[in-house]
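**Student:** I would like the atomic coordinates for the input below:
(chains A and B)
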Amino acid sequence: MVPVTPMDIRDTKSGYGLVTRIVHWLMAVAVIGMFVLGLWMVALNYYSPYYQTAPDIHRSVGMLLLFLLVFRFVWRLVNPKPDDSDLTPFERTASRFVHWGFYPLLFILMVSGYLISTSDGRPIQVFDWFSVPALVHDPGLETPAGLVHEILSYVTMAIVGVHTLAALKHHFIDHGQALKRIWSGPPSA
Amino acid sequence: MKSVRLLAALIAGSIVLSSPALSADYVIDTERAHASINFRIKHLGFSWLVGRFDDFNGTFTFDEEAPENSSVKVEIDTASVNTNHSERDKHLRGKDFLNVSKHPKATFESTSVKLDGDKAIIVGNLTLNGVTKEIEIDANRVGGGKDPWGGYRDGFHGTTSLPLKDFDINFDLGPASKNVDLTLEVEGIRK
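**Tutor:** Predicted coordinates:
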């Protein structure tokens, strides 16, 4: 049997592989950063030099995050789930609910953002790289989509908070393995 | 005896109602879209940004012999603002501009019509963003008469200019963009 190491690409029973860890922290930073960027950009005045570039970056990063989210979901499905038997039954149920809940939550958050920009039929330009076409041409949809986007952004931040506090409690109070598993991967066997 | 008097009163009344006062009531033809509420505002002072309100309804009375007896009433769904760009339209519906969740309707109701040569000045109260202000619309009759489908129509063109701050819209679009011009194209079908 091949020994498990922190450099494993795939997840194993004993910990998260490189791909999961990198994607997790990349998305953690990006999702929180997007929340801050979003709040900031809608408050900019018209003559701010960032009035156009801030939303350009927000849209571009959002589209990349959407693709990354779909990849991450597939990756989760085709990889084994690391052992979480050090959690109490309540903690295990709660953590699974939050972990799986992030997928539909972030998916709807990102799709609603996409609809704000594309409901007039215009594509989203992702940096100077490629453009994502408008799939729904429905002028007026941007307002309900915007409401969903705004509400879910706050819900996401609330759940990020719960997720973070739970991880810190698990690490510092219960001395569990979860934070180590997602930071440095499985211990070398 | 009583019924005869009643009949006489009815006849007298109907004569008054159908007397050849040329004042007539019209419904603005929004059903088949022969009316539009258009606006334009300077973009940075470099060009005109054009938009419109897609959903509105209204009525007017028009007296060809004495146009000063005419009146008009219009109600606009502010959420129907359309500048052909979703992100901008969303912004216009929000609190920086039209506040449509709080103020879903804008209304205009004329109070008087003054004649000025071959044009008219329609004075009335415009309620927009929850603020009611008296405004003046320069109007002229484009034409009127029997339509080919058995109805009777009259059509008008109107313009006015509004300072945004009068209606508590304070988002700073720059020094060249303090006012919005309205152009109204109104065709009514006689009831």
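
**Student:** can you pull the contacts of the closest residue to chain A within chain B?
**Tutor:** Here chain B gets closest to chain A at one residue, residue B:86, 3.8 Å apart by C-beta to the nearest C-beta. The way it works is simple: take the backbone N, C-alpha and C, and place the C-beta from them, glycine included. Applying C-beta atoms under 8 Å, 6 or more residues apart in numbering or on different chains to residue B:86 gives the contacts A:116, A:117, A:118, A:119, A:120, A:122, A:139, A:141, A:142.

**Student:** just these: which has the poorest pLDDT?
**Tutor:** Within these, residue A:139 has the lowest pLDDT, namely 91.

**Student:** thinking again about what came up before, local confidence estimate at the residue of chain B closest to chain A?
**Tutor:** 96.

**Student:** So which residues on chain A come close to chain B?
**Tutor:** A:45-47, A:55, A:116-120, A:122, A:139-143, A:146 (C-beta under 8 Å from any C-beta of the partner chain).

**Student:** what residue is smack in the middle of chain A?
**Tutor:** Taking C-alpha atoms, centre = their mean, the centroid of chain A lies closest to residue A:27, which sits 4.5 Å from it.

**Student:** would TSV of the contacts of residue B:86 with neighbour count be doable?
**Tutor:** Output for these, formatted as TSV (neighbours: other C-beta atoms under 10 Å in any protein chain shown):
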residue	neighbour count
A:116	25
A:117	24
A:118	24
A:119	24
A:120	21
A:122	16
A:139	15
A:141	18
A:142	25
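
**Student:** Which ones among the residues of chain A next to chain B map onto helices?
**Tutor:** A:55, A:116, A:117, A:118, A:142, A:143, A:146 (DSSP state H).

**Student:** which residues sit in contact with the residue positioned nearest the centre of chain B?
**Tutor:** Centroid-nearest residue in chain B: residue B:74, 4.7 Å away (criterion: C-alpha atoms, centre = their mean). Shown in contact with residue B:74 (C-beta under 8 Å, 6+ apart): B:28, B:37, B:56, B:57, B:58, B:107, B:108, B:109.

**Student:** what about the last one, distance to residue A:135?
**Tutor:** Going from residue B:109 to residue A:135 by C-beta to C-beta, to the nearest Å gives 43 Å.

**Student:** Between those two, which has more neighbouring residues?
**Tutor:** In terms of neighbours (other C-beta atoms under 10 Å in any protein chain shown), residue B:109 is the more surrounded of residue B:109 and residue A:135; the figures are 15 against 11.

**Student:** Verify the contact between the more buried one and residue B:123 for me.
**Tutor:** No. Residue B:109 lies out of contact with residue B:123 (C-beta atoms under 8 Å); the separation is 10.5 Å.

**Student:** one step back: sec struct for the residue nearest to the centre of chain A, please.
**Tutor:** Assigned by DSSP: H, G, I helix; E, B strand; the rest coil, the conformation of residue A:27 is helix.
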